[in-house]
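Novice: below is the sequence, then the predicted model.
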Amino acid sequence: MITTLSEPLSRAIEAEIAGVPAPVLRAAAAALSGAYRGKTALGAALSPPDRAAYLAVRFPSTFAVAKAVWREFERVMPPGGIRSILDVGAGPGTAALAAQDVFDSGTRYTYLERDKGWLDPAKRLAAACGLKPDVRLGALTPNTKLDPHDAVVASYALNELPQAERTAVVDALWRAAGTALVIIEPGTPKGFDVVRSAREMLLAQGAHAAAPCTHDGACPMSVDDWCHRPQRVSRSAAHRGAKQAQLGFEDEKFSFVILTRESPHRGAAARIVRKPIRNPGHVHLDLCAGDGLNRVTVARSDGPSYRDARDAAWGGTWPPYDG
Ligand SMILES: C[S@@+](CC[C@H](N)C(=O)[O-])C[C@H]1O[C@@H](n2cnc3c(N)ncnc32)[C@H](O)[C@@H]1O
């Protein structure tokens, strides 16, 4: 499913980037892309053009990913259980704004962000979407005291922490999470490593891996492989301009895990961990399940499951959630 920002959110983003000249925005977008691919480093506090570039070219992708993750959350957790969400490393509040599209309007939001320059834009974007989050300036460290919330989300943030601090920070996030901790990272080996380590550590403390995993066993991905999937994102004119891109969409690859205190309603036995291979008369699906990684082949002679397999998507469940 392709994700497009709502009209009020798009307009609020356009207003944030309006004052930045196009060449400056393009240069900042290029620097941001370099940093995202690990080629250059950005400081702990972004400059105003960096923040505008983030809103133009990264926000639509991280928003779309966070929304896809919250939709997964809705499928595996009982409805109505999330009344408060803490978004750490919130930046412009992306994960909270995406949650607001999925959860009840009564949900309360807290943002924690170390870059002071994000606080006002985050408040303006939230206001445009009818949200009034408690926006706090603060750095997440092993000693940070976090107020309890039903759900805690760290979206594209944990990879920015020094490796030596990450374990203690994940522990602190889990202690603050009454119902669930959601971790989202780039769909790269490094991003998945953050996800896999947090999963392994918290499963040992009694957590459940509610999604994308369909089991609480050891992750069967080999050390040189990584669990990730694409999310299709619609590119606005501002997004295309800042990136000098022609296509009206892009695919953002991400890794994630939803860790819960209660047993989730998984509703499916396996997760499709690679792009399905469709051949005439049969489809190969690479699945992750409790018994490890397996390739299954679904043939036309398998009847209705063949139809499901032809429609199956990388990242979906097998059988499909609604199947
Ligand atoms: C790549 S941005 C992600 C922003 C947003 N969560 C999203 O998904 O679009 C990472 C954010 O985490 C923040 N961050 C990184 N380390 C942090 C820390 N130790 N404490 C608080 N915020 C942190 C950065 O300042 C930045 O705003």
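Specialist: Received the coordinates, thanks.

Novice: so residue 172 is in contact with residue 147, correct?
Specialist: No. Under the criterion of CB atoms under 8 Å, residue 172 is not in contact with residue 147, lying 11.5 Å apart. Backbone N, C-alpha and C define where each C-beta goes, glycine included.

Novice: which of those two has more neighbours?
Specialist: residue 172 (20 against 11; other CB atoms under 10 Å).

Novice: who does residue 258 form a beta bridge with?
Specialist: Taking DSSP bridges as the rule, residue 258 bridges to residue 182, residue 211.

Novice: show me what contacts it?
Specialist: 69, 72-73, 76-77, 180-182, 209-211, 264 (CB atoms under 8 Å, 6 or more residues apart in numbering).

Novice: what parts of the stretch 51-200 of the chain come near the ligand?
Specialist: Within the stretch 51-200 of the chain, the residues that sit near the ligand (CB under 6 Å from any ligand atom) are 59, 62, 89-91, 94-95, 112-115, 118, 139-140, 155-157, 160-161.

Novice: which among these count as buried?
Specialist: 59, 62, 89-91, 94-95, 112-115, 118, 140, 155-157, 161 (16 or more other CB atoms under 10 Å).

Novice: picking up where we left off before, the residues of the stretch 51-200 of the chain next to the ligand in strands, which ones?
Specialist: Judged by DSSP state E, these include 112-113, 155 as members of strands.

Novice: mind giving me the domain split of the protein?
Specialist: 7-260, 270-318 (automatic domain parsing).

Novice: okay, and the helix or strand of this structure with the least pLDDT?
Specialist: helix 237-243 (a mean of 83; mean pLDDT, DSSP states H and E).

Novice: can you spell out which helices and strands pack onto that one?
Specialist: helix 7-17, helix 22-36 (3 or more CB pairs under 8 Å, 6 or more residues apart in numbering; DSSP states H and E).

Novice: among the ones you listed, which gets the worst mean confidence?
Specialist: Least confidently modelled of the helices and strands packed on helix 237-243 is helix 22-36, at a mean of 88 by mean pLDDT.

Novice: that one to helix 7-17, inter-axis angle?
Specialist: 100 degrees (axes from the mean of the first three to the mean of the last three CA atoms, to 10 degrees).

Novice: tell me what helix 22-36 is packed against?
Specialist: helix 48-53, helix 237-243.

Novice: what would those helices look like in a markdown table with mean neighbour count?
Specialist: Formatted as a markdown table, the helices and strands packed on helix 22-36 follow (neighbours: other CB atoms under 10 Å):
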| stretch | mean neighbour count |
| --- | --- |
| helix 48-53 | 22 |
| helix 237-243 | 19 |
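
Novice: just so I know, which of the ones you listed lies nearest residue 190?
Specialist: helix 48-53 (21.1 Å; CB to CB).

Novice: any chance you could list what contacts the closest one?
Specialist: Here helix 48-53 has contacts from 16-17, 19-20, 24-25, 27-29, 31-32, 42, 92, 117-118, 121, 242, using CB under 8 Å, 6+ apart.

Novice: select only the buried ones of these in PyMOL?
Specialist: In PyMOL syntax, the buried subset of the contacts of helix 48-53 is picked out as below (16+ other CB under 10 Å):
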select buried, resi 16+17+20+25+28+29+31+32+42+92+118+121+242
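
Novice: quick revisit: quick one: closest of the helices and strands packed on helix 237-243 to residue 276.
Specialist: Of all the helices and strands packed on helix 237-243, helix 22-36 comes closest under CB to CB, at 27.3 Å.

Novice: circling back to that earlier point, of the buried ones among the residues of the stretch 51-200 of the chain next to the ligand, which belong to helices?
Specialist: 59, 62, 94-95 (DSSP state H).

Novice: state the pLDDT value of the spatially closest residue to residue 203 that is not a sequence neighbour.
Specialist: Of all residues not flanking residue 203 in the chain, residue 216 sits nearest, at 5.8 Å (CB to CB, 6 or more residues apart in numbering). Looking at residue 216, its pLDDT stands at 97.
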